[in-house]
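Asker: Build me a model from this:
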Amino acid sequence: MLDSFQTPSGSTDSIDEAAVTPHDRFGELFEAVALAHIFEDSKTFADCIPRQPPEEIVEAYEQQRRQVGFDLAVFVSDHFYSDMIPGRGYEARPEHDLVEHIDNLWPVLTRNSRQHPRWSSLLALCHDYVVPGGRFREYYYWDSYFTMLGLAASGENHLMCAVTDNCADLIMRYGHMPNGNRTYYLSRSQLPLFSMMVELTERQGLRQAVDYLPQLEREYAFWMDGENTLKPGESHRRCVRLDEDSRLNRHWDDRATPREESFREDLEIAARSARPAEALFRNLRAGAESGWDFSGRWLDDVTDLSTIRTTCFVTPELNSLLFHLEQTLCRLHAATGDDARAGDFRRRSLRRQAAMDRYLWSDSRGAYYDYDFVRGQSSVHLTAGCVVPLFVGAASDAQAERVANIIANRLMTPGGLATTEITDSQQQWDHPNGWAPLQWMAIEGLRRYGFTELADTIADRWLALVEELYSRENKLVEKYVLYPGADFATGGEYPLQDGFGWTNGVTRALLAQRAGHQ
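Answerer: Model prediction:
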């Protein structure tokens, strides 16, 4: 079995009871179930609900495990039940167009956990929320913003506010917005889109952004933890000080253990790697925090996931979104009359923009690239992350023009924007797969700088791709092969998921834009 690993804050006593994960609770039983392949997907057991107090289950397991004829699968069935929620009998109707289909899906994907079962890994939320679909049966951070775009287009104002308020509540409860509302996601976050969520609800006339100022401040403190003690060349958690004046951020996870939702899979990767296991696990977890789990952009050898080095990179999309957060905090403090705080965040946003220009912008290649601060060099991989500085307005006009050119010449496909140019990694966040969030950020970023024709081309190609698959299969899915008529997308750790929250959201928003222009 695994050695015992330290919990995020030192000892279990220092953790809120709700933050105790299934592995924390069940130890060797959790490991035995994962390694026995009782479930095809490790996440299934991590999400199972105990039928009785966990300590009683552990005691029963210790008493029975060495008995002749002990059957682990039967034991699990006797002591746990699945949290799988059926799709409420929903069946797509071929006569429905995409707008009708998506509007009908929102209630199917809506959940509440106010009465969630005791001892579950699910974190209770105060408001309704929308899940992505398939194996993803909980509230996810960056998914939710792109889902909200569709909720806005569908007039689902109540759900828009609920999704935003859940994020605010979790930030106040735990000091950050976790990857999702599961205990095993609490040690990491995801791309920080809360300021975008707040901005969207304000733009819809549903909320005042200033009402969320405490939560925005708290999220910022989470990402910048340790910055005041760093010397040039040092890093702490998610904060990296690159030189005297430059501070940028990376992805991290406060645990260095196998991901509980991919426990067996992570152990299998570690078994074939010579790397220290904790370093490997930390980097896999950090890759999950990035949302790009996984991509060749993080790998020394794009064909070998065990070479992942996520924590060694500062990235365009993470730092762009933190730039937006800093600008939002500047604006809101100015609105409340706190000129000192507003000035501080204005200086911080300008400092970050300068650091992005210094470390993430490649003038010789005309785009933003990941920067490997451990090796002191820019990544060789062009990714769709280069569009996010445009999305938040962090690029100069000249930089935006060069990014537009490189997108048109290197990342455009018949189905929209390519994720990367990496073709041989077998990872889902690489070519030939396309992802709705990247399409949206590219479209909006290009429009922001006046590259309307290219933005419209991406939108038209993406919608044609989604519509073509919908006409054949009557479903929307998590990711797409960027070539119309192709089979379902593959790659990654799990089968293609139906649903699907952010595809629904982006597609619905783009269809609303198209209708508005007609």
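Asker: what's the helix or strand for the residue of the chain most remote from its centre?
Answerer: In the chain, Val68 marks the outermost C-alpha relative to the chain mean, sitting 44.8 Å out by Cα atoms, centre = their mean. Under the criterion of DSSP states H and E, Val68 resides outside all helices and strands.
Asker: Number the chain from 17, please
Answerer: Okay, residue one is now 17; in that scheme the one you just asked about reads as Val84.
Asker: And it, how close does it get to Gln231?
Answerer: Using Cβ to Cβ, to the nearest Å, one obtains 56 Å as the distance from Val84 to Gln231. Quick note: C-beta positions are derived from backbone N, CA and C, even for glycine.
Asker: do Arg391 as well
Answerer: In terms of Cβ to Cβ, Arg391 sits 36 Å off from Gln231.
Asker: Which one of these two is surrounded by more residues?
Answerer: Ranked by neighbour count (other Cβ atoms under 10 Å), Arg391 and Gln231 place Gln231 first, with 21 against 11.
Asker: Which residues are in contact with the more buried one?
Answerer: Gln231 makes contact with 183-184, 187-188, 210 under the criterion Cβ atoms under 8 Å, 6 or more residues apart in numbering.
Asker: filter these to the buried ones?
Answerer: By neighbour count, with 16 or more other Cβ atoms under 10 Å, the contacts of Gln231 hold 183-184, 187, 210 as buried.
Asker: So which residues of the stretch 167-316 of the chain form strands?
Answerer: 251-252, 255-257, 263-265 (DSSP state E, counting those that start in this stretch).
Asker: Off-centre distance for stretch 47-55?
Answerer: Distance of stretch 47-55 from the chain centroid (Cα atoms, centre = their mean, to the nearest Å) equals 26 Å.
Asker: for stretch 114-128, same thing?
Answerer: Relative to its chain's centre, stretch 114-128 lies at 21 Å (Cα atoms, centre = their mean).
Asker: For that stretch, buried residues please.
Answerer: Neighbour-count burial for stretch 114-128 flags 114, 117-119, 121-122, 124-127 (criterion: 16+ other Cβ under 10 Å).
Asker: before we move on, what about stretch 138-158?
Answerer: So, applying 16+ other Cβ under 10 Å, buried residues of stretch 138-158: 138-139, 141, 143-158.
Asker: Over to stretch 521-533?
Answerer: Residues of stretch 521-533 classed as buried by neighbour count (16+ other Cβ under 10 Å): 521-529.
Asker: Out of these, flag the one nearest to Asn490.
Answerer: Checking those against Asn490 by Cβ to Cβ gives Thr523 as the nearest, at 14.1 Å.
Asker: for that closest one, what are its contacts?
Answerer: Contacts of Thr523 (Cβ under 8 Å, 6+ apart): 114, 118, 166, 452, 478-479, 482, 492.
Asker: repeat that for 7 Å
Answerer: Contacts here follow Cβ atoms under 7 Å, 6 or more residues apart in numbering; on that basis Thr523 touches 114, 118, 452, 479, 482, 492.
Asker: Skip the chain neighbours and tell me the closest residue to the fourth one.
Answerer: By the measure of Cβ to Cβ, 6 or more residues apart in numbering, the closest residue to Leu479 outside its immediate chain neighbours is Leu526, 5.7 Å from it.
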